[in-house]
Structures are given as structure tokens and as C-alpha cells.
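Q: make a model of this:
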Amino acid sequence: MDRLRTIVVGVDFSECSAAALRTALRLAESPGAVHAIHVIDALAVSAAPRLESDLRRAIEGSLTEQAQRAWEGLVRQVPGAEAARFTALLAPRTAALRDAAVAEGAELLVVGAFGDRRPNVGLGTMATACVRHASVPVLLVRTGGRESLRRVGAFVDFSETSRAALGLAARIAAVERAALVAVHVFDAPWRRLTYLAAAPIVDPAFERAQLEELRSRLRRFVDQSLGSAAEGVAVDVHDRPGGHRIGIAEYAESEGLDLVAMGTRGGRNLRDALLGSTAERALRDVAVSLLAVPAAPTDA
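A: The predicted model follows:
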């Protein structure tokens, strides 16, 4: 099993971050390969520039001590966590996690999908910010699922980014001994024109042929991407009018997936900055954990 050599996991001592830590420990080659980071929300300190330096240091020291005690409490709840590294930082939260993951050459950044102030999920959450800005793969862990994964779905659009997502999903599935299916969501472009005609403008036989061709193409894509590891990986084309985001959420629910994996442009273009990437929108709709793999610089 090809376990991960370096994982950074964000912890805020919530139930969801405990689940993220457990997941990171399962995927890592050893507990020492996991670096847990708690970013202290020191807004009150930074917003008081006239605070005496001694008092500022005292407040920061107290916050750090509290974080250390909270970590010790979390360690008692999570087997193996005592061997993981822990750091408490006073810094901007998303930037600190992103920078730590890059500095350590982490193969994965793991965070809970919800934090200690659980929102009604949506833009502006810590999880969404990580998906948008991180330059390393991000695994968003939801609570309420199984302790280990049983079914993983890698959603493929035939881009190099989705190839990378498929590869990492295959590694995670192998570690977890989970079944892996590669899925392409098909939203036929001609369906958007049917309102112009009284009857379907494309013969059903043509649609069936298109779906079969997509399945063959997907099989080749998986075989080329995974090599010998492609054995046992299923492929499926989900024919879903209405867009990829809806299709991903629908498929994950109907097929009982525990993890959805996909590539994302990571907010590197204007469309994603304004509207949110497919991965961001999937986070709102998919009720399971999400693996988001950003585009390489040349693939953005």
C-alpha cells in the first residue's frame, strides 16, 4: 500500500477536526508523518496595535498554552495521535495551513469540512477557502460517516487535473481497502436546445452510441493513468441533464460513496473567483467527504 509520506492536518479541536486527524493518521505511512496545526484566531490581539508589548506577549502565550492543552485532550481521543507533530500558530488561518503544507512538501492537506462554529456550509467557510486557495490536494472530512472508507468515486473530465485526482483517489482507496469507481458525468449539450423543437433533436440511438464511446474512453483513461493499479477499478458514465455539480451529488448519494474526488482549477481564473469552482459547489451539495486536487500551474 502506497501510504502518504507527509500530511498536514488543520485542527480546531472540534468533532470534525478529530475525524480529520483520524483520517490523516490512517493514510500516513507513520504517525510521525502527520503534522497537526492549530491556527489561533488572534484577531483581538492584532486589532489592538496600541496594546503594550508585554501584555500582547502574555495574551499570545496564554492562547498558545490553551491550544497545547486542547491538543493533549484531543490526543486522548484519537489513537496514535501522540506520535504526530503539533504546532500552534498565530497567523491568518487559511494562509498558515496553505504555507505549512507547501513548506513541508505535503502530499495532502486534511481539514474538517466544518469547524468549531459549524455553519450551514457554504462560501466563506474554512473548508471552502482551502479548496479555493491551496496549491496541494485538500481532503475535506465530514463527520457522521464510516470510520474508514468503503466506496470512493473519482470524477473524471479527461483533464490532466482529473488524472491527478484519480491517481490520488486510487492511493487512498488502496490504503483504505475501498472500492474505487471512475465516473464521468455526461450532460449532452444538445439537450439545452430541446426547447426549440417539439421533439428531441437527436436520435436516441445516437445518444446510446455516445455513452458507449464515453465508457470506452473512460476505461482507456483509467488504464493509462493507473497502469497495473487499474485492475479492479470500475468505470461508469452518469447521464445527467442539468450539469456536473448536480450529477456529482446525485451519483454520490445514489451509489453510497464515502469520498468524492475531483480536480479543481483552484480559483486561478476569473470565472472561478466570481462563481466558485465545481469543487466548491460540490462541497455544498455532496454529503460525504471531498478530495479536491488543484491544477498544476501549466494546467490552470
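
Q: ranges for the helices of the stretch 1-150 of the chain?
A: Taking DSSP state H, counting those that start in this stretch as the criterion, the stretch 1-150 of the chain carries its helices at 15-27, 43-46, 53-77, 93-103, 126-133.

Q: mean pLDDT lowest for which of the ones you listed?
A: When the helices of the stretch 1-150 of the chain are ranked by mean pLDDT, helix 43-46 comes last with a mean of 59.

Q: pull out the buried residues from stretch 67-87.
A: Within stretch 67-87, the residues that qualify as buried by neighbour count (16 or more other CB atoms under 10 Å) are 67, 71, 74-75, 78, 80-81, 84, 86. C-beta coordinates here come from the backbone N, C-alpha and C atoms, glycine included.

Q: related to what we said a few turns ago, possible to save the helices of the stretch 1-150 of the chain as CSV with distance to Asp157?
A: Compiled in CSV, the helices of the stretch 1-150 of the chain are given as follows (distance: least, CB to CB, whole Å):
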stretch, distance to Asp157
helix 15-27, 25
helix 43-46, 39
helix 53-77, 38
helix 93-103, 25
helix 126-133, 17
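
Q: of all pairs in the buried residues of stretch 67-87, which one is the farthest apart?
A: Of all pairs drawn from the buried residues of stretch 67-87, the widest gap by CB to CB lies between Ala67 and Gly80 and measures 20.0 Å.

Q: of the buried residues of stretch 67-87, which is the nearest to Val136?
A: Proximity of the buried residues of stretch 67-87 to Val136 (CB to CB) peaks at Ala84, which lies at 18.0 Å.

Q: do you know how far that closest one is from Gly10?
A: When CB to CB, to the nearest Å is applied, the distance between Ala84 and Gly10 equals 13 Å.

Q: same question for Ala129.
A: For Ala129, the distance to Gly10 equals 11 Å [CB to CB].

Q: so who does Val136 touch?
A: Residues touching Val136, when contacts are defined by CB atoms under 8 Å, 6 or more residues apart in numbering, comprise 98, 101-102, 106-109, 294.

Q: now do 6 Å
A: The contact partners of Val136, taken as CB atoms under 6 Å, 6 or more residues apart in numbering, are 101, 106, 109.

Q: and those, which is closest to Ala19?
A: Using CB to CB, Leu109 is the member of the contacts of Val136 that lies nearest Ala19, at 15.0 Å.

Q: how many residues are close by the closest one?
A: By other CB atoms under 10 Å, the residues close to Leu109 number 28.

Q: right, and it touches Leu139 too?
A: No - under the criterion of CB atoms under 6 Å, Leu109 lies out of contact with Leu139, with a separation of 7.2 Å.

Q: who's more crowded, Ala129 and Gly10?
A: Using other CB under 10 Å as the criterion, Ala129 and Gly10 rank with Gly10 on top: 28 against 20.

Q: for the closest residue to that one other than its chain neighbours, what are its contacts?
A: Setting aside the residues directly before and after it, Gly10 is nearest to Val111 in space (CB to CB, 6 or more residues apart in numbering), at 4.2 Å. Val111 makes contact with 10, 20, 127, 130, according to CB under 6 Å, 6+ apart.

Q: among those residues, which two are most distant?
A: In terms of CB to CB, those reach their longest pairwise distance at Ala20 and Cys130, which sit 11.2 Å apart.

Q: these two: who's more crowded?
A: In this view Ala20 and Cys130 are compared by other CB under 10 Å, and Ala20 has more residues nearby, 29 against 24.

Q: was I right about the more buried one contacting Gly112?
A: Yes - Ala20 sits in contact with Gly112 when judged by CB under 6 Å, with a separation of 4.6 Å.

Q: anything in contact with each of the two?
A: By the contact definition CB under 6 Å, 6+ apart, Ala20 and Gly112 are jointly contacted by Val141.

Q: so what pLDDT did the residue nearest to Gly10 get?
A: Looking at Val111, its pLDDT reads 92.
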